[in-house]
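A.B. asks: got a predicted model here, sequence first, then my questions.
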Amino acid sequence: MENSFKNKALYYQLVDLLKERIESSMVPHDKLPSERELTAQYGVSRTTVRLALQELEATGYIYRRHGKGTFVSDLTKNAADLAGAYSFTEQMRSLGRNPETRILSFEKIEADKYIAQHMNLPLGEAVFKLSRLRLADREPLMVEDSYLPVKLFLSLDETMLRRKPLYDLFSEDFNQTVRLADEELYASIAQKDDAKLLGIHEGSPVLHLARSTYNMKNEIIEFTLSVARADQFHYHIRHIRTN
């Protein structure tokens, strides 16, 4: 196989072959052969196999489990669409998955310059910081840090947060109706702490998201920074042309 590659980088050709294999004969969560087995099957070096797998992981075709191997990702039915739904719980339920939220910490802090600017608050304003791990079918998908203005949620406590989803608390307990949510995202790699929580390798591809949620008075009632596994989320948006 090595001698047949001409104009295209060797590992890119292996990427194409593995993509075809995944799409034509494998299903989500199937286990791929080991690096050694792929080296023997395709007649290429271990380095070429490693580079090809890194490319497939970066583009979301595969994901790795430490000590278990490499598996085919599901970027269709079980992937979350990040546009059109701001509630993780609602989004997972719509996909037929069982959502779970684990509260990592909940505290009252003073807004630093970054948080104050993004929430249109004075520097030092009291905000709640809520850190959560979001899971679906017991699989960790996203780490979130949410910031809420204390003045709008004075009685909020951890017991309430464990009782019902955050957006249900907004409407049912604090009379805050969500009007819209703006979300920005960019691709990056997982840092050590996030990777450990998400059950992925440090340096694995992730999506960073920043969401600002507005109430009917156009006040920002939530600012959330999230790190999501790239093999479990895709972004979809529809552009409509108007005259």
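C.D. replies: The structure has been received and is ready for your questions.
A.B. asks: residue 103: how many residues sit nearby?
C.D. replies: Residues within reach of residue 103, counting by other CB atoms under 10 Å, total 12. Any C-beta I mention is one placed from the backbone N, CA and C, and that applies to glycine too.
A.B. asks: repeat that for residue 27.
C.D. replies: Residue 27 - counted by other CB under 10 Å - has 8 other residues nearby.
A.B. asks: how about the secondary structure of it?
C.D. replies: On the three-state scheme (DSSP: H, G, I helix; E, B strand; the rest coil), residue 27 is labelled coil.
A.B. asks: next secondary structure after the lowest-mean-pLDDT helix or strand in the chain?
C.D. replies: Sorting the helices and strands of the chain by mean pLDDT, DSSP states H and E puts strand 80-81 at the bottom, at a mean of 48. Using DSSP states H and E, the helix or strand that follows strand 80-81 in sequence is helix 88-94.
A.B. asks: pLDDT of that following helix, averaged?
C.D. replies: Per-region confidence: helix 88-94 scores 71 on mean pLDDT.
A.B. asks: before we move on, what about stretch 174-193?
C.D. replies: Averaging pLDDT along stretch 174-193 yields 90.
A.B. asks: likewise stretch 112-120?
C.D. replies: 95.
A.B. asks: show me what counts as buried in that stretch.
C.D. replies: For stretch 112-120, the neighbour count (16 or more other CB atoms under 10 Å) marks 115, 116, 119 as buried.
A.B. asks: stretch 12-26 now?
C.D. replies: Residues of stretch 12-26 classed as buried under the neighbour-count rule (16+ other CB under 10 Å) are 13, 14, 15, 17, 18, 19, 22.
A.B. asks: between these, which sits nearest residue 55?
C.D. replies: Closest approach to residue 55 among those (CB to CB): residue 15, at 5.0 Å.
A.B. asks: and that closest one, which helix or strand is it part of?
C.D. replies: Assigned by DSSP H and E, residue 15 falls within helix 10-25.
A.B. asks: ok, residues contacting that helix?
C.D. replies: By CB atoms under 8 Å, 6 or more residues apart in numbering, the surrounding residues in contact with helix 10-25 are 2, 5, 32, 38, 42, 44, 48-49, 51-53, 55-56, 61-62, 72.
A.B. asks: quick check: what element follows it along the chain?
C.D. replies: helix 35-42.
A.B. asks: what's the angle between that next one and helix 10-25?
C.D. replies: With axes from the mean of the first three to the mean of the last three CA atoms, to 10 degrees applied, the angle from helix 35-42 to helix 10-25 works out at 90 degrees.
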